[in-house]
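Q: this one's structure only:
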């Protein structure tokens, strides 16, 4: 047994570290690994192709996009925003705790794409959290504003990751099922999703506790003296209004499939 | 009998429509690249079993080249603007959520009814695939509901779907690529190598130590790859299946589900998971591009500890 095929992994790590396109990195890493593992190029390409073909089931979940897009056309996101605005809470911690609950709950129903960093966190959650921080704390200095915004994004990730696996047709559940099936363990998605529930509860308790502790820190720290730079932090960045619909963000949005 | 191939045909037809609409979208300078990319996805779904393993391999290389060398880009299909959407949302209210809920409700109720009533014994659906069949059925029901209710233009679902898939771009194909990479790693013996290496770390016969190495291995591998999808097949081949399931008799469902979630703790701690950790830092204009990762570490570590205990006590109960 030789350790040579591990060089393929090293290639993937280096490729990601240098921010090369993941599609190229993964393909190059796969080909190098196969060659070092003793296959010839034709065999490597055929193996890669067969594995891609065998995993086509992962692509099926995209059939939901026309429905989601159609509902967005009729203001689904605007309505979600209106609902969350009505539930506006007084503190950062409670607001984010509520968002965590909603995000985890909707992800568990498979609605992973109704929220996310471009759709809800930047236009909605972060500005609301900053506004709540100002109510609690008075003027918000820059380190505090950074922290509140970072927690807003973190809360979306925790809610998504530890909610989505409860839904039976999400990519990761499919991957678990496919992987175990190759060893002869045929599992229903529902059975797998069931075992995602204890971790989901733990995630809610742990991250929720941290959100409430953040509240306490914000309450305890004495209101900062009004300084020239203080108000700027609260008005730029996440507090700015969402970009107009025509001007889209250049970053790839995600549907929670590649966590 | 309804098999997976029906669903591949449905998804393939959708991607074929995306490709055609891209081809004739003169407002998108990269329309040819988008048409080729989604056209290849359509080909894979519609005819993947006919073009052979090597043909599929070439298809994958083409997808990677189109994505990797910048041949695909976002489009601007016709849709409503923010003002119109605000008016619609004010008019329609919370009933807008109902069609969205039809999809998960159909998948869930369909799966339960099919499995726990005598309907399942009729064998109408390929075994263990009923959830995906009901998911697609839910999509069709939701589409029918929206059409009956709001009467959008006939082409609207495809244009709106193309708007979203173009926004996601190559990331929509990456999970399938990573699953294929995992298979190649396994064929090349990477799993065995890592298994051998970790085997040196694990005291023989100590189940808790094995669980610990499995979970921490998932975390480290996920952090390296930026993605639990790539780590899972390797760690399953190295430790999960041969040791935890086969040697010690652990419950495969727990090992699979909680093992993956342990990996998600790693996703929270790595800048390699760019979509989740770096993109929002940029979107929120944080000064520290690792600010989101830093805010997540103190959640990820205790959560990892809890997952290790769930794995240990639930898989070997």
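A: Great, that's in hand. As the structure is a computational prediction, the values presented were derived from the model and not from experiment.
Q: What residues of the strand or helix carrying residue B:309 count as buried?
A: Using DSSP states H and E, residue B:309 sits within helix B:291-315. Across helix B:291-315, burial judged by 16 or more other C-beta atoms under 10 Å in any protein chain shown covers B:291-296, B:299-300, B:302-304, B:306-308, B:310-312, B:314-315. For glycine as for every other residue, the C-beta is placed from the backbone atoms N, C-alpha and C.
Q: cool, stretch B:232-246 as well?
A: Neighbour counts over stretch B:232-246 (16+ other C-beta under 10 Å) mark B:232-245 as buried.
Q: What of stretch B:62-79?
A: Neighbour counts over stretch B:62-79 (16+ other C-beta under 10 Å) mark B:63-64, B:66-68, B:72, B:74-75, B:77, B:79 as buried.
Q: Which members of those are the farthest-apart pair?
A: Greatest spatial distance in the buried residues of stretch B:62-79: B:64 and B:79, 29.7 Å, computed using C-beta to C-beta.
Q: Who are the contact partners of residue B:234?
A: Residue B:234 makes contact with B:182, B:185-186, B:190-191, B:194, B:221, according to C-beta atoms under 8 Å, 6 or more residues apart in numbering or on different chains.
Q: so which helix or strand takes in it?
A: Going by DSSP H and E, residue B:234 is in helix B:228-235.
Q: So which elements touch the helix or strand following that helix?
A: Sequence-wise, the next helix or strand downstream of helix B:228-235 (DSSP H and E) is helix B:252-267. Judged by 3 or more C-beta pairs under 8 Å, 6 or more residues apart in numbering or on different chains; DSSP states H and E, helix B:252-267 is in contact with helix A:142-164, helix A:171-182, helix A:189-194, helix A:197-220, helix B:207-225, helix B:228-235, helix B:291-315.
Q: where does chain A have low pLDDT?
A: Along chain A, the model assigns pLDDT under 70 to residues A:1, A:80-81, A:83-90, A:111-114, A:118-119, A:122-123, A:169, A:222-259.
Q: what residue lies at the spatial centre of it?
A: Chain A has residue A:157 as the residue nearest its centroid, 4.0 Å off, counting by C-alpha atoms, centre = their mean.
Q: which ones are touching that one?
A: Applying C-beta under 8 Å, 6+ apart to residue A:157 gives the contacts B:267-268, B:276-277, B:280, B:292, B:296.
Q: tell me which of the residues you listed is nearest to residue B:86?
A: Closest to residue B:86, out of all of these and judged by C-beta to C-beta, is residue B:280, at 24.8 Å.
Q: Do I have it right that that closest one meets residue A:160?
A: No. Contact criterion C-beta atoms under 8 Å: residue B:280 and residue A:160 do not qualify, at 11.4 Å.
Q: Quick check on those two: which one has the bigger neighbour count.
A: Taking neighbours as other C-beta atoms under 10 Å in any protein chain shown, residue B:280 and residue A:160 compare with residue B:280 leading, 27 against 23.
Q: Which strand or helix spans that one?
A: Under the assignment here (DSSP H and E), residue B:280 is part of helix B:279-283.
Q: How about that helix and chain A, any contact?
A: Yes. Using C-beta under 8 Å from any C-beta of the partner chain, helix B:279-283 reaches chain A at B:279-283.
Q: Of all the residues in that helix, which ones are buried?
A: For helix B:279-283, a neighbour-count test (16+ other C-beta under 10 Å) marks B:279-283 as buried.
Q: gap between that helix and the chain center?
A: When C-alpha coordinates are averaged (C-alpha atoms, centre = their mean, to the nearest Å), helix B:279-283 and its chain have centres 21 Å apart.
Q: Could you measure from residue A:210 over to chain B?
A: Distance from residue A:210 to chain B, counting by C-beta to the nearest C-beta, to the nearest Å: 6 Å.
Q: That residue against residue B:298, yeah?
A: Yes. In this structure, residue A:210 is within contact of residue B:298 by C-beta under 8 Å, at 6.2 Å.
Q: since we're on residue A:38, how many residues are nearby?
A: Residues lying near residue A:38 (other C-beta under 10 Å) number 13.
Q: List the residues that contact it.
A: Residue A:38 is in contact with residue B:188, counting by C-beta under 8 Å, 6+ apart.
Q: mind checking the backbone torsions on residue B:2?
A: phi -80, psi 120 (degrees, to the nearest 10).
Q: Could you check how far the closest residue to it other than its chain neighbours is from residue A:110?
A: Nearest-residue entry for residue B:2: residue B:125, 4.9 Å, with adjacent residues in sequence omitted and distances by C-beta to C-beta, 6 or more residues apart in numbering or on different chains. Going from residue B:125 to residue A:110 by C-beta to C-beta, to the nearest Å gives 19 Å.
Q: Just want to know which of those two has more residues nearby.
A: residue A:110 (27 against 21).
Q: follow-up on the earlier one: output the contacts of residue A:157 in JSON lines, with pLDDT appended to each entry.
A: Rendered in JSON lines, the data for these read as follows (pLDDT from 0 to 100):
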{"residue": "B:267", "pLDDT": "94"}
{"residue": "B:268", "pLDDT": "96"}
{"residue": "B:276", "pLDDT": "87"}
{"residue": "B:277", "pLDDT": "83"}
{"residue": "B:280", "pLDDT": "79"}
{"residue": "B:292", "pLDDT": "93"}
{"residue": "B:296", "pLDDT": "97"}
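Q: of those, closest to residue A:20?
A: Nearest to residue A:20, judged by C-beta to C-beta, of these is residue B:277 at 17.5 Å.
Q: Give me the neighbour count for that closest one.
A: Quick note: residue B:277 (other C-beta under 10 Å) scores 27 neighbours.
Q: Ok, residue A:185 next?
A: Residue A:185 has 18 neighbours, counted by other C-beta under 10 Å.
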